[in-house]
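*Asks:* pasted the sequence and its predicted model underneath.
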Amino acid sequence: MNKVILLFVFLILTSCSAQNPPVPSQFPEETSNYQKLFDAREVDGVKCFRIPALVTAPNGDLIAAIDERALGCADLRGSKDINIVIRRSQDNGKTWGDIETVVDFPFGVSASDPSMIVDQETGEVFLFYNYMDLENEKDIYYLQFVKSSDNGKTWSKPKDITSQITKDQWYNDFKFITSGHGIQAQSGRLLHTLVDLDKGVYLFGSDDHGASWFFIDSPVNPADESKVIELDNGDYMINSRVNGGMGYRYVHISHDKGKTWETRPEKELTDPGNNASIVVYPYHKNGKTENLLLFTNSNNRDSRKNLTIKVSYDQGKTWSAGKVIYPGSAAYSSMTVLENGDIGVFFEKDDYTENVFVSFPIEFVTQN
């Protein structure tokens, strides 16, 4: 009789394990040192800060960029006064400088959705954003950038690259550069993702350190806001937000530098339809280096909450259960590798009221 009962219990546990993925464990309390970088309740004349972007500059400084939305939390086509502001840290995120304005157009013209690419060969940082003149060309998106040659201390005048990375017939399309960050490939190529909600996600980039830009006319679907990385074998991987209640991410792989793509659902990466972050982490251990993939997002099928970081040891074929960075309301996130080897995450917290930074050692992600 006891053997029958034990067998029955074993079958129940096995069935539950098969139906439910492993539950992520939460970070120890001492790592939950969220530093509030942007909070509209503390800044006069600002109703909302949204859309975080974070990179490590060539000298190791951190640059955290975000939308400064003066009139409310509405996105680009719904607000006549959105600017791009930053804060910088020179000590791996322990302390931060004051808010600095990088892009500020006259009222009626807005800039939104910051993203950055660091060119390690030239030492320049490119900050992209989406531009709209709501007084004269309402709902018409332009794509621009500014760049810094001194690790974010000063920035160039805006440059418009819409004609280089889109087609003329896309003039009226709902198109935008994904917020967060792009990458520099092993070849030195700069790469980023462009969303056209009518057509899909495209790669755009530069082979001459930003002097000119191109786009690759091979869209991936299904996809909304997406991130691109390069795998060890040179393949490009696009990790995509997908709307419509699917509850998980999609991944697209190219073996020919973006000309053709293989698409698959990534059901290990639960997602409510939200922007996320993915980076390559060079993991040094026992005299060897392997490139891990790290991924942060709202790890919930239905709601933007439960910000979690996951790791892949096999170039994205499988993913860990993850570690919870913040269990409450958490939306967009942006991640970078700090100069000291720690991981830094900049994310929207508590229904967009706060935008916070947190850092932790890689061991918190890889243990167990």
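*Replies:* Okay, I see it. Predicted model only: the values in this text are computed from it and were never measured. Numbering: from 1, shown residues only.

*Asks:* how many residues are close by R87?
*Replies:* Residues near R87, counting by other Cβ atoms under 10 Å, number 20. Every C-beta, even on glycine, is put in place using the N, C-alpha and C of the backbone.

*Asks:* what is it paired to in the beta sheet?
*Replies:* Following DSSP bridges, R87 is listed with bridge partners A64.

*Asks:* ok, it touching F38?
*Replies:* Yes: using Cβ atoms under 8 Å, R87 is in contact with F38, at 7.5 Å.

*Asks:* which residue ranges of the stretch 101-250 of the chain form strands?
*Replies:* For the stretch 101-250 of the chain, applying DSSP state E, counting those that start in this stretch gives strands covering 109-119, 124-133, 142-148, 159-160, 175-177, 180-181, 183-184, 190-196, 200-206, 214-220, 226-230, 236-240, 248-254.

*Asks:* pLDDT of the second one, averaged?
*Replies:* Over the span of strand 124-133, the pLDDT mean works out to 98.

*Asks:* go on, the longest one?
*Replies:* Looking at strand 109-119 alone, the average pLDDT works out to 98.

*Asks:* stretch 142-157 too?
*Replies:* Throughout stretch 142-157, pLDDT has a mean value of 98.

*Asks:* about what we covered before: what touches both of R87 and F38?
*Replies:* Common neighbours of R87 and F38, using Cβ atoms under 8 Å, 6 or more residues apart in numbering, are I99.

*Asks:* what sits against the closest residue to P58 other than its chain neighbours?
*Replies:* In space, and not counting its chain neighbours, P58 is closest to G123: 4.5 Å by Cβ to Cβ, 6 or more residues apart in numbering. Going by Cβ under 8 Å, 6+ apart, G123 touches 58, 149, 151.

*Asks:* one more: N172?
*Replies:* Residues in contact with N172, defined by Cβ under 8 Å, 6+ apart, are 139-140.

*Asks:* now that we're looking at it, what pLDDT does it have?
*Replies:* Per-residue pLDDT puts N172 at 98.

*Asks:* and for N355, nearest residue in space, chain neighbours not counted?
*Replies:* Distances taken as Cβ to Cβ, 6+ apart place F38 nearest to N355, at 4.2 Å, with adjacent residues excluded.

*Asks:* how close does the one you found get to M246?
*Replies:* Distance, F38 to M246, using Cβ to Cβ, to the nearest Å: 31 Å.
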